[in-house]
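Trainee: Make a model of this:
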Amino acid sequence: MTVRPTHILAMGAAVLLLMVLFPPYFGVYDQAGINRHTGLGYYPIWNPPSQAEAYALIHGTSPDAAQPESGRGFTRSVEEHLALTRVVFNKVGFVIQCILLGIAVTLASVVVARRRRLKSES
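Mentor: The predicted structure follows:
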């Protein structure tokens, strides 16, 4: 089977579709003076990660097991911990991946086109 530039474009389009359907997410924990974040991975666009999953990945424990904050004299409830946690679509990571995909498809198309041209000349 010979690979044509149109095959490469079709594969690139399929990968782009998968990237759109399973985008990258990251979790952010915003508290006065404390801003923690971490990548959550790739999730289906119709079922993004929950705040509890984000909290667990950021802190290494579930919000139910959260310890009282030392020196503050109070304990946050599970709802308060989750209210400080956000799940965000990773736009920068997505754009970088799209650019890298475009570069890879372009380079592969050029290489295949040159090979075909060299075969046809000889």
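Trainee: show me where this protein has helices.
Mentor: Applying DSSP state H to the chain gives helices spanning 5-21, 51-59, 78-83, 91-121.
Trainee: So which elements touch the second one?
Mentor: In terms of contact count using 3 or more C-beta pairs under 8 Å, 6 or more residues apart in numbering; DSSP states H and E, helix 51-59 is assigned the packing partners strand 24-31, strand 34-42, helix 78-83, strand 85-89. C-beta here means a position set from N, CA and C on the backbone, and glycine is covered the same way.
Trainee: Between strand 34-42 and the last one, find me the angle.
Mentor: Direction vectors for strand 85-89 and strand 34-42, defined by axes from the mean of the first three to the mean of the last three C-alpha atoms, to 10 degrees, enclose an angle of 50 degrees.
Trainee: same thing with the first one?
Mentor: Inter-element angle recorded for strand 24-31 and strand 34-42: 160 degrees (by the same axes, to 10 degrees).
Trainee: domain ranges for the chain?
Mentor: The record's domain parsing of the chain by automatic domain parsing lists 1-23+90-122, 26-89.
Trainee: could you redo the helices of the chain as TSV and give each row mean pLDDT?
Mentor: Listed next are these as TSV, based on pLDDT from 0 to 100:
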stretch	mean pLDDT
helix 5-21	92
helix 51-59	85
helix 78-83	77
helix 91-121	90
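Trainee: which of these is buried the deepest?
Mentor: Compared across those, helix 51-59 shows the largest average neighbour count, a mean of 19 (mean count of other C-beta atoms under 10 Å).
Trainee: outside of that helix, which residues touch it?
Mentor: 27-29, 36-38, 40, 62-63, 66, 81-82, 85-87 (C-beta atoms under 8 Å, 6 or more residues apart in numbering).
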